[in-house]
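Q: Only the shape, not the letters, is given here:
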Ligand code: PXP
């Protein structure tokens, strides 16, 4: 099984919103990302729409529907949007007010499980695949399978923030065991959060993952790989 790549382009929209401009356009970013070999374009439609806006999801789904993976909460605003624009897949993530980025997997309270059961049913009725963002913990994987999710995305934040080789090894073992269990439970297994050019290979080597979702490190790298030619181009104009 070849490992797929989903590229999160939220921070292209972050740059656009810094100037309340129309550029850089996430639609252009999606075209570049897909032509460079990414399998999916990932966007997080937050309730506050601080980077990706509803109109971006509409345009992305219109042009690249089969390749669009939307992260969002169970909130009504986001659910209404994904049911309307029908991306290829949706990953349900927790969304906390004021958070800088997603901080971890879903916390499966009984109320959340009840809400998720309804949300998953509606998404399936529109033929949208459903992933749940979870911590690498056995009980959470069993709940995801019971709720009827198609996939789980294991949160790699703790692994990416591990401070010592021992911690890194332990977090990797958790990811590997959880990926195996998820597969045994019939779930497709993805992973993401904090993966970069240094730490990704150890995760990729865990054979059970079918897709890794990576954003910040790729957009960061793109600035410095693209900056020299952008400056040269301007200098040549002068
Ligand atoms: N997967 C999920 C569920 C996320 O919330 C994020 C961050 O938006 C990512 C993957 C990508 O994380 P990063 O930008 O750190 O690569």
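A: Sure, I can see it. Treat the numbers as computed from the prediction; the structure is a model and nothing was measured.

Q: Direction included, what does the helix or strand hosting residue 42 pair up with?
A: Residue 42 belongs to strand 40-44 when elements are defined using DSSP states H and E. Under the criterion DSSP bridges, strand 40-44 sits next to strand 4-8 (parallel), strand 68-72 (parallel) in its sheet.

Q: list the buried ones in the helix ranked longest in the chain?
A: Across the chain, the longest stretch assigned as helix under DSSP state H is helix 216-237. When neighbours are counted by 16 or more other CB atoms under 10 Å, the buried residues of helix 216-237 are found to be 217-219, 222. Placement of C-beta: from N, CA and C, glycine included.

Q: just to revisit the earlier point, residue 107: which of the strands paired with strand 40-44 is closest?
A: Judged by CB to CB, the one of the strands paired with strand 40-44 that comes nearest to residue 107 is strand 68-72, at 16.4 Å.

Q: hmm, back to that, run through who's touching the longest helix of the chain.
A: Contacts with helix 216-237, where a contact means CB atoms under 8 Å, 6 or more residues apart in numbering, come from 7-9, 11-12, 101, 194-197.

Q: so where is the protein shaky, pLDDT-wise?
A: In the prediction, the chain carries residues with pLDDT under 70 at positions 1.

Q: list the buried ones in the host helix or strand of residue 64?
A: If you go by DSSP H and E, residue 64 is part of helix 54-64. Judged by neighbour count (16+ other CB under 10 Å), helix 54-64 contains these buried residues: 56-57, 59-61, 64.

Q: repeat for stretch 18-29
A: 24, 26-27, 29.

Q: Next: stretch 113-122.
A: The neighbour-count check on stretch 113-122 (16+ other CB under 10 Å) flags 116, 119-120 as buried.

Q: which residues make contact with that stretch from outside it?
A: Looking at stretch 113-122 with CB under 8 Å, 6+ apart, the contacting residues turn out to be 74, 79, 83, 92, 106, 108, 130, 132, 143, 147-149.

Q: So which of the residues you listed sit within strands?
A: Among the contacts of stretch 113-122, the members found in strands (DSSP state E) are 92, 130, 132.

Q: I'd say the second one and residue 144 touch.
A: No. Contact criterion CB atoms under 8 Å: residue 130 and residue 144 do not qualify, at 9.5 Å.
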